[in-house]
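Asks: using only what follows, build the 3D model:
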Amino acid sequence: MSSIEFEIVEHIGVLSENAKGWRREVNLISWNGRAPKYDIRDWAPNNEKMGKGITLTEEEFKKIAELAK
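Replies: Numbering: from 1, shown residues only. A predicted model of the protein is given here:
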């Protein structure tokens, strides 16, 4: 199985944290060297592991923010 490379380009914020220290974060992430996209997912302390999440284009991210108003 091939590895997934990622770079957190910008840490935007933390939505929540559970008792085990995992945090649901919003970040701007470059996956496998591609252009960065907005990403919402759970991260273990020190970003050593990640859970399933959702990746959004800038347009999708703006639309969610608009819908949340």
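
Asks: which elements pack onto the helix or strand that residue 7 is a member of?
Replies: Using DSSP states H and E, residue 7 falls within strand 6-17. When contacts are defined as 3 or more CB pairs under 8 Å, 6 or more residues apart in numbering; DSSP states H and E, strand 6-17 packs onto strand 23-31. C-beta: built from backbone N, CA, C; applies to glycine.

Asks: the strand it packs on pairs with which strands?
Replies: strand 6-17 (antiparallel), strand 37-43 (antiparallel) (DSSP bridges).

Asks: got TSV for those strands, with mean neighbour count and mean pLDDT too?
Replies: Shown next, in TSV, are the strands paired with strand 23-31 (neighbours: other CB atoms under 10 Å; pLDDT from 0 to 100):
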stretch	mean neighbour count	mean pLDDT
strand 6-17	12	97
strand 37-43	19	98
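
Asks: with distance to residue 23 added, can I get those in a markdown table?
Replies: Converted to a markdown table, the strands paired with strand 23-31 look like this (distance: least, CB to CB, whole Å):
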| stretch | distance to residue 23 |
| --- | --- |
| strand 6-17 | 5 |
| strand 37-43 | 6 |
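
Asks: thinking again about what came up before, and the strand holding residue 7, how far out from the chain middle?
Replies: Mean-position distance between strand 6-17 and its chain equals 6 Å (CA atoms, centre = their mean, to the nearest Å).

Asks: kindly export that strand (C-alpha atoms) in CSV.
Replies: This file holds the C-alpha atoms of strand 6-17, laid out as CSV (Å, rounded to 0.1, in the frame of the first residue of the first chain):
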residue,chain,number,x,y,z
PHE,A,6,0.7,15.6,3.5
GLU,A,7,1.8,19.0,4.7
ILE,A,8,-0.3,21.1,7.0
VAL,A,9,0.1,24.5,5.2
GLU,A,10,-2.0,26.4,7.7
HIS,A,11,-3.6,25.4,11.0
ILE,A,12,-6.9,27.2,11.1
GLY,A,13,-8.4,26.0,14.4
VAL,A,14,-9.7,23.3,16.7
LEU,A,15,-13.4,22.5,16.7
SER,A,16,-13.3,20.1,19.7
GLU,A,17,-11.1,17.7,21.7
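
Asks: what's next to it, contact-wise?
Replies: Contacts of strand 6-17 with the rest of the structure, by CB atoms under 8 Å, 6 or more residues apart in numbering, involve 23-32, 36, 38, 40, 47.
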